[in-house]
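*Asks:* quick one, what's the 3D model for this:
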Amino acid sequence: MPPSRANKGAHAQFTLSHASLYGLKVMERCPNTSRVISVRCQFCVYFGVEIDNSKPRERGAKNTHKAWTLMFRSDLYRRHNVSQHPTKWIEYEACSFDEKTRFFVGITPHSNTMLAHINTGCDAIPLEFAIRLPIIDTLIGDMFFHPDDQGGTTQTAALKLFKRVDDGDESYYRVIILHPAQFSLVVAYVSRGVSFRQCARILDDTKRILGTIHYIGKDS
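*Replies:* Predicted structure coming up:
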């Protein structure tokens, strides 16, 4: 059977030298094999999207941190940098290897506090992930739910979080995390063996102590 168009050019193995070459940071590794699972654009974190005021804009500027999950392609990194960070990308490309390793050192990301990111509003910069189709269709859609729940309300609601994108030869699911700190807390709690119900209560306690009022289940 010939490979599907959706997987054309996609690489599940991340090339470590691309981190320095394209200004990326490894965000997650497999705990058993240390294989890279996701990487994030450092230009998004420290500089944000560049806006050309001489060109008309039909939509507002993106305020997400671009990330790639198990879909690693150098042309995608370059296309993103050229389109979203043209000035900084030109400056970065001209740097030596040693200069690139220090390029982001000493730069404070916008709203780099836990409280600002847990709260909603313009200070909470969302995360955006591109996820390969089989991860959602097979692992989430099929294996995560009991056969009796297939097609049910719970499964349908969960899968609505992922929007399919067909971009030429590349098809993937996109998901936007509106509150990245809450997301990171939930992942950390669950990875320690906390149940989903306990996790929700712990997160509520965290937000109550910090004085925040928005809840991840309502507006994320």
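
*Asks:* now find how far off-centre stretch 138-145 is within its chain.
*Replies:* The chain centre lies 20 Å from the centre of stretch 138-145; the measure is Cα atoms, centre = their mean, to the nearest Å.

*Asks:* repeat that for stretch 21-38.
*Replies:* The answer for stretch 21-38 is 12 Å, by Cα atoms, centre = their mean.

*Asks:* output it in PDB, but only the C-alpha positions, please.
*Replies:* What follows is stretch 21-38, C-alpha atoms only, in PDB (Å, rounded to 0.1, in the frame of the first residue of the first chain):
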ATOM      1  CA  LEU A  21      19.900  26.000  13.300                       C
ATOM      2  CA  TYR A  22      16.300  27.200  13.500                       C
ATOM      3  CA  GLY A  23      16.000  28.600  17.000                       C
ATOM      4  CA  LEU A  24      14.000  25.800  18.500                       C
ATOM      5  CA  LYS A  25      13.700  24.400  22.100                       C
ATOM      6  CA  VAL A  26      13.000  20.800  22.900                       C
ATOM      7  CA  MET A  27       9.900  20.800  25.100                       C
ATOM      8  CA  GLU A  28       9.100  17.200  25.700                       C
ATOM      9  CA  ARG A  29      10.900  13.800  25.500                       C
ATOM     10  CA  CYS A  30       9.700  10.300  25.800                       C
ATOM     11  CA  PRO A  31      10.600   9.300  29.400                       C
ATOM     12  CA  ASN A  32      11.600   5.800  28.300                       C
ATOM     13  CA  THR A  33      13.700   6.400  25.200                       C
ATOM     14  CA  SER A  34      14.500  10.200  25.500                       C
ATOM     15  CA  ARG A  35      13.100  10.600  21.900                       C
ATOM     16  CA  VAL A  36      12.000  14.100  21.200                       C
ATOM     17  CA  ILE A  37       8.200  14.500  21.200                       C
ATOM     18  CA  SER A  38       7.700  18.200  20.700                       C
END
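
*Asks:* so what does the longest strand belonging to the chain touch, helix or strand wise?
*Replies:* Assignment by DSSP state E gives strand 170-177 as the longest strand of the chain. Counting contacts by 3 or more Cβ pairs under 8 Å, 6 or more residues apart in numbering; DSSP states H and E, strand 170-177 is packed against strand 127-132, helix 133-134, strand 163-167. Placement of C-beta: from N, CA and C, glycine included.
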